[in-house]
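Peer 1: Make a model of this:
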Amino acid sequence: MSTDQHRSRKEKNIILTGFMGVGKTTIGHHIAQKLNRPFIDADQEIEKLLKMPVTQIFSTLGEQKFREIEKDFIIGLCKTTRRSVVSLGGGAFLQLAIRNVCLSTSYVVFLNLGWNAWKERLHLLMDNRPILQGKSLEEIEVLYHARQAVYACHHWRIDLDGLRPEEAADKIVQTIRQAWESSGPMDGTLTDV
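Peer 2: Numbering: from 1, shown residues only. Predicted coordinates for the structure are as follows:
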């Protein structure tokens, strides 16, 4: 592999996707620290831009407006930022334009937490996740399973069941470092690492 190819692999952002509440922000902070890279939480950055929490953006501007702002922010980020670890909101990958730009400019890691493990966290998420407001457990499960097909578009997947956030981050960092040094394709699954 040429030095330019090697450098270009290391310049790419690492983008974390997955269902809301799986730990993208927590794990992302660990990865950023281990790789000495900036960490960006897309939802938090949008909140700063609009000077209101996502729940308020949903209630005052509506989900469609939030998705437009989210799309513009993430596309801009992918085109202008390098060497960052980025956590996306759980619904971001529903937008084809976001999926395409992330997959073509960055390394996308799907953080997968099984339904049974995820629903144990539900009580921690209900108040600050606007998409969950007013939904029954059955409706949330349908949403969870529907989004799994969207998250299937990734370079790597890690199954989080039974892993602490730092353990998940260690597996991701180890795999990314190996991929940086390899001349092979930059995709696969972290479940076999």
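Peer 1: Y144 in helix, strand or coil?
Peer 2: helix (DSSP: H, G, I helix; E, B strand; the rest coil).
Peer 1: now swap in R83 and tell me
Peer 2: Classified using three-state DSSP, R83 is coil.
Peer 1: isn't it right up against R9?
Peer 2: No. Assessed by CB atoms under 8 Å, R83 is found out of contact with R9, at 11.0 Å. From N, CA and C alone the C-beta is placed, and that goes for glycine too.
Peer 1: More neighbours: which of these two?
Peer 2: Between R83 and R9, counting by other CB atoms under 10 Å, R9 is the more crowded of the two (17 against 14).
Peer 1: And the more buried one, which helix or strand is it part of?
Peer 2: Taking DSSP states H and E as the criterion, R9 maps to helix 3-11.
Peer 1: Please identify the helix or strand for T25.
Peer 2: Assigned by DSSP H and E, T25 falls in helix 24-35.
Peer 1: what do you get for F19?
Peer 2: Residue-wise, F19 maps onto no helix or strand under DSSP H and E.
Peer 1: the longest strand in the protein is where?
Peer 2: strand 106-112 (DSSP state E).
Peer 1: which residues are in contact with that strand?
Peer 2: Contacts of strand 106-112 with the rest of the structure, by CB atoms under 8 Å, 6 or more residues apart in numbering, involve 12-18, 22-24, 27, 78, 86, 102, 148, 151-160, 168, 172, 176, 179, 186, 190.
Peer 1: Repeat that for stretch 163-178.
Peer 2: The contact list for stretch 163-178, computed with CB under 8 Å, 6+ apart, reads 14, 23, 26-27, 30-31, 34-35, 107, 109, 111, 156, 158, 160, 188, 190, 193.
Peer 1: Quick check: mean pLDDT of it?
Peer 2: For stretch 163-178, mean pLDDT is 93.
Peer 1: in it, what's buried?
Peer 2: Under the neighbour-count criterion of 16 or more other CB atoms under 10 Å, stretch 163-178 has 163, 165, 168-173, 175-176 buried.
Peer 1: how about CSV for these, with secondary structure and distance to A42 added?
Peer 2: Listed next are the buried residues of stretch 163-178 as CSV, based on DSSP: H, G, I helix; E, B strand; the rest coil; distance: CB to CB, whole Å:
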residue, secondary structure, distance to A42
L163, coil, 23
P165, helix, 18
A168, helix, 19
A169, helix, 18
D170, helix, 23
K171, helix, 23
I172, helix, 18
V173, helix, 21
T175, helix, 23
I176, helix, 20
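Peer 1: Let me see the backbone angles for I40.
Peer 2: phi -130, psi 120 (degrees, to the nearest 10).
Peer 1: how near is it to V54?
Peer 2: 15 Å (CB to CB, to the nearest Å).
Peer 1: name the element G76 belongs to?
Peer 2: helix 63-80.
Peer 1: residues making contact with whichever helix or strand comes after that helix?
Peer 2: Beyond helix 63-80 in the direction of the C-terminus, DSSP H and E gives the next helix or strand as strand 85-87. Residues from elsewhere that reach strand 85-87 (CB under 8 Å, 6+ apart): 13-16, 24-25, 28, 31-32, 35, 37-43, 77, 106.
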